[in-house]
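one predicted model, sequence on top.
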Amino acid sequence: MSHSHSHGHSHNDLKGRNLLISIFLNITITVAQVIGGLISGSLSLLSDALHNFSDVISLVVSYIADLYSKKEASLTKTFGYKRAEIIAAFVNALSLILVAIYLIYEAVERFLDPQTIESTIVIWLALLGIVANGFSVLLLKKDSKENMNMRSAYLHLLTDMSASVAVLIGGLLMKYYGWFWVDSVLTVLIAIYLIVMGWDLFKQSFKVLMLYTPDHLNIEEISAKICNISEIKNVHHVHVWQLNEKEIHLEAHIVIEQDVTISQFDDISETVEALLFHDYKINHVTLQPEWNKDDVKDIIVQD
């Protein structure tokens with residue numbers, strides 16, 4: 001059986017620091033908006049505070065996941081905690097969607113029974129949310145491009161900043177035009193935005209946790225390319241999955257044309273590994289050689 005993996009480890013210590021800064025900023029925003037929302041009577045401000053509170057939870061989860069993901073593998077945890085960040089992304093995406101549904105419910109009730117709102121408080125606290133969340137977004141932007149966990153935290157903060165912009169606009173409309181119904185409308189719009197942003201991340205993280213084949217890979221095409229190698233007759237029992245965002249695994253049974261030695265099979269397996277890494281960025285390959293073995297030769301077999 002051949003087994004190889006070629007992947008690097010690069011951890012940016014600034015990532016954890018940036019998450020901590022964002023956590024403290026969001027705690028500050030949440031406390032200020034809850035107090036301001038209760039005093040002003042603004043549901044959109046309270047909904048933004050609730051969203052900020054969900055951000056605090058999601059950022060704490062992301063921070064813990066980031067710490068755990070750096071822990072070494074052991075005899076009882078052979079993959080280490082590499083999936084911690086995927087679980088964090090899944091939890092954060094789900095929380096976004098659930099918070100959004102609750103906000104829509106509250107907004108509909110408030111729309112049916114509109115109330116006078118102290119708009120000046122809303123305006124100033126919305127500005128606070130824009131500045132603080134904008135700073136947090138800048139801190140996490142770079143890491144969000146390479147890491148699903150950081151992307152989930154980044155999306156929480158980006159949607160929160162967008163929500164604060166909407167609340168600010170609503171506050172100005174309420175202050176100068178007396179349109180208090182805008183508060184409920186903005187809350188619904190913020191919630192819809194949360195659902196849209198959260199759903200895509202939810203699907204991505206769910207697929208990784210369920211060991212789905214990555215969307216950009218076609219198992220039939222991969223198997224055909226492996227079979228083009230002259231020494232290989234058949235490829236079956238193929239599994240392709242992601243351990244995390246940086247590691248794609250493939251395991252398969254391969255039927256060899258002739259009864260080869262172990263050293264000859266090593267040469268064959270190295271050819272397969274080079275092909276998979278070069279063409280598909282699959283960096284962790286496990287191959288089981290077969291010759292004249294009587295088993296099912298379908299590409300996909302339920303083990």
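It's in. Residues are numbered from 1 along each chain as shown.

which parts of the strand or helix carrying residue 151 are buried?
Following DSSP states H and E, one finds residue 151 within helix 148-177. The neighbour-count check on helix 148-177 (16 or more other CB atoms under 10 Å) flags 148-168, 170-174 as buried. Where C-beta positions appear, they are placed from N, C-alpha and C, glycine not excepted.

over to stretch 175-194?
For stretch 175-194, the buried set under the neighbour-count rule, 16+ other CB under 10 Å, comprises 180, 182-191, 193-194.

between those, which is closest to residue 57?
residue 194 (14.3 Å; CB to CB).

with adjacent residues omitted, what lies nearest to the closest one?
Using CB to CB, 6 or more residues apart in numbering and skipping residues adjacent in sequence, the residue nearest residue 194 is residue 100, 3.7 Å away.

so which helix or strand takes in the one you found?
helix 84-112.

quick one: the following helix or strand past that helix to chain centroid distance?
Beyond helix 84-112 on the C-terminal side, the first helix or strand identified by DSSP H and E is helix 119-144. Using CA atoms, centre = their mean, to the nearest Å, the mean C-alpha position of helix 119-144 is found 21 Å from that of the whole chain.

which strands and helices lie in contact with helix 119-144?
helix 13-40, helix 43-69, helix 148-177 (3 or more CB pairs under 8 Å, 6 or more residues apart in numbering; DSSP states H and E).

and the ones you listed, which one is worst for confidence?
Among the helices and strands packed on helix 119-144, helix 43-69 carries the lowest mean pLDDT, a mean of 77.

just the angle for that one relative to helix 119-144, thanks.
Computed by axes from the mean of the first three to the mean of the last three CA atoms, to 10 degrees, the angle separating helix 43-69 from helix 119-144 equals 20 degrees.

what's the burial count for residue 64?
Taking other CB atoms under 10 Å as the criterion, the count of residues near residue 64 is 15.

I meant to write residue 122 there.
28.

so which strand or helix has the residue lying closest to residue 219 once chain neighbours are set aside?
If the residues on either side of it in the chain are set aside, residue 219 comes closest to residue 238, at 5.5 Å by CB to CB, 6+ apart. Assigning secondary structure by DSSP H and E places residue 238 in strand 232-242.

which strands and helices sit next to that strand?
Other elements packing on strand 232-242 under the criterion 3+ CB pairs under 8 Å, 6+ apart are helix 219-227, strand 248-256.

what pLDDT does the residue nearest to residue 219 get?
96.

residues in contact with it?
Residues in contact with residue 238 (CB atoms under 8 Å, 6 or more residues apart in numbering) are 219, 222, 223, 250, 251, 252, 299, 300.

go again using 6 Å as the cut-off
Residue 238 sits next to 219, 252, 299 when contact means CB atoms under 6 Å, 6 or more residues apart in numbering.

just residue 72 next, same as before
residue 80.

tell me the SS of it?
coil (DSSP: H, G, I helix; E, B strand; the rest coil).

that one and residue 78, how far apart?
11 Å (CB to CB, to the nearest Å).

equivalent analysis for residue 52, please.
On the measure of CB to CB, residue 52 and residue 78 end up 38 Å apart.

residue 264 too?
29 Å.

next: residue 296.
Distance from residue 296 to residue 78, by CB to CB: 28 Å.

now residue 202. Nearest residue, chain neighbours left out?
residue 93 (3.8 Å).

wait, that neighbour sits on residue 200?
No - between residue 93 and residue 200 there is no contact under CB atoms under 6 Å: 8.2 Å.

excluding chain neighbours, what is closest to residue 233?
residue 255 is the one closest to residue 233 (CB to CB, 6+ apart), at 4.4 Å.

looking at this structure, which helix or strand is least sure?
Among the helices and strands of the chain, strand 2-5 carries the lowest confidence by mean pLDDT, DSSP states H and E, at a mean of 53.

so residue 296 and residue 78 - more neighbours on which side?
More neighbours surround residue 296 than the other of residue 296 and residue 78, with 10 against 7 (other CB under 10 Å).

phi and psi next, for that one.
phi -70, psi 130 (degrees, to the nearest 10).

just the pLDDT for it.
Reported pLDDT for residue 296: 88.

I'd say residue 140 and residue 154 touch.
Yes - counting by CB under 6 Å, residue 154 is a contact partner of residue 140 at 4.5 Å.

how about the strand holding residue 238: buried residues?
In strand 232-242, the ones that count as buried by 16+ other CB under 10 Å are 232, 234, 235, 236, 237, 238, 240, 241, 242.

tell me the one of these nearest residue 207?
residue 242 (8.1 Å).

next one, pLDDT for the closest residue to residue 268 other than its chain neighbours please.
Spatial nearest neighbour of residue 268, chain neighbours left out: residue 231 (5.0 Å); criterion: CB to CB, 6+ apart. We have a pLDDT of 94 for residue 231.
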